[in-house]
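K.L.:
I need the structure of the sequence given here:
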Amino acid sequence: MSLHSQRGQTFPIWAFGTLTVLTMLALAMSYGQMITWQMRAMNAADAAARGMLSVQTTQWNETEAALHASAVEEYRLRVIMNDMLQVIRGNGGCTAATTPSCSALYASLRQNYFDSLTRYTNDVAVLGRVSTPTFANQVTMIQSALAQYQANCGTSSGGDCAFNYTLVAATPRPTTYLEDVYADCCNDVVGGGTSGNPKLDLTPMEIEIVACAKVTPWIPNFWNWNVATFNVVGRAASTSIMDTQEFMWVGSLVNPTSVSSAVFQASEYPESSTNQTTGFADNDQYYRIDFGGNPNNTYNTGNPSTSDGSGGFTYSASLPGLYVADGWWSTMTIKPFSGNLTAGTSYTCH
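P.N.:
This is a model prediction of the structure:
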């Protein structure tokens, strides 16, 4: 047999090898497509779960801020009322020979009282508005926010347009142990917690969201093969946590944004229309408002809270002042918890 006739026998082997390589390449591309879409689905679900739960955490942070503002004003009102009593009783050097006179002191205190009362009334009104939504209201707002998130897909305020988002669960976190992150003047402590049974409207929520899309494979239809679409499902859950807590005398800790290194709540002089000391020898100790730990009050300094080193803070009230124990809420990713889900029933796909 001639060499020329033997050469054609390699064609079937070459054709079979080429087809095998193409098939393996198509399978590799299909597998890569599935992995890519699965990662995309997980990212979409995770972003939606954490973003939608911010409905609760934002409300609670706004409530904390309004509560702090109203607490400062309430403390100011209490001190000013006491100041007016001191003037009426003629205490603190308020005599006809002093400057300003008792009548001028009282008039200034009275006006500052009314101004503070107006601010306090407004703060309480804001507090009432931001703290009104119940647990059921929050779930409804999350559903509405998720629908808007879907409608705004492809924008900075929307999700991935390839997916359909479904809220499959929104429940109270099933525990009475609240895990927190604590921070004081000296250290951060992760762990610890508080055991309790908060009312439903004040219970941290956990939600689960499914992101689902129908995907057409990259493998082309050939040789009459009809390649079907497949569903890509991403599941993610999140819960509300207080990720930072703050303990401080607002009148002793320096505000880091202050150019002059002033404390958060500096001393105030409500008996003065210019909020300046009126020149008493005792530095207006009968009338001055000290929010606690101010540098000009040697009997009231420092941060009184102490850490036990494992997540708890203790404080025993012994000095006058405004002490703040506050915190800020955020969301944390957790393991999906709603069990087995069924496509078309528990969630839908595009």
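K.L.:
what's the neighbour count on Asn137?
P.N.:
13 (other C-beta atoms under 10 Å). C-betas here are computed from N, CA, C, even on glycine.
K.L.:
Averaged pLDDT, the longest helix seen in the chain. What do you get?
P.N.:
Of all segments of type helix in the chain, defined using DSSP state H, the longest is helix 10-89. Average pLDDT, helix 10-89: 82.
K.L.:
Can you name every helix or strand that that helix contacts?
P.N.:
Here helix 10-89 touches helix 102-130, helix 135-151, strand 164-172, strand 205-215, strand 230-249, strand 323-334, going by 3 or more C-beta pairs under 8 Å, 6 or more residues apart in numbering; DSSP states H and E.
K.L.:
the inter-axis angle of the fifth one versus helix 135-151?
P.N.:
This points to strand 230-249. 130 degrees (axes from the mean of the first three to the mean of the last three C-alpha atoms, to 10 degrees).
K.L.:
Specify the angle between the longest helix of the chain and helix 102-130 in degrees.
P.N.:
150 degrees.
K.L.:
Pull up the per-residue confidence for Val227.
P.N.:
Val227 is assigned a pLDDT of 65 by the prediction.
K.L.:
Pick the most buried one from the helices and strands packed on helix 10-89.
P.N.:
Of all those, strand 205-215 has the most neighbours on average by mean count of other C-beta atoms under 10 Å, namely a mean of 24.
K.L.:
then it to CSV, C-alphas only?
P.N.:
The C-alpha atoms that make up strand 205-215 are tabulated as CSV, following Å, rounded to 0.1, in the frame of the first residue of the first chain:
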residue,chain,number,x,y,z
MET,A,205,-35.1,41.3,62.9
GLU,A,206,-33.7,38.6,60.6
ILE,A,207,-34.6,38.4,56.9
GLU,A,208,-33.9,36.1,54.0
ILE,A,209,-34.0,37.1,50.3
VAL,A,210,-33.7,35.0,47.2
ALA,A,211,-32.3,36.3,43.9
CYS,A,212,-33.3,34.1,40.9
ALA,A,213,-32.7,34.4,37.2
LYS,A,214,-33.3,32.2,34.1
VAL,A,215,-30.1,31.8,32.2
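K.L.:
Hey, what's the angle from that strand to strand 323-334? Just curious.
P.N.:
30 degrees.
K.L.:
for strand 205-215, packing partners?
P.N.:
helix 10-89, helix 135-151, strand 164-172, strand 230-249.
K.L.:
So what are the sheet partners of that strand and their directions?
P.N.:
strand 164-172 (antiparallel), strand 230-249 (antiparallel) (DSSP bridges).
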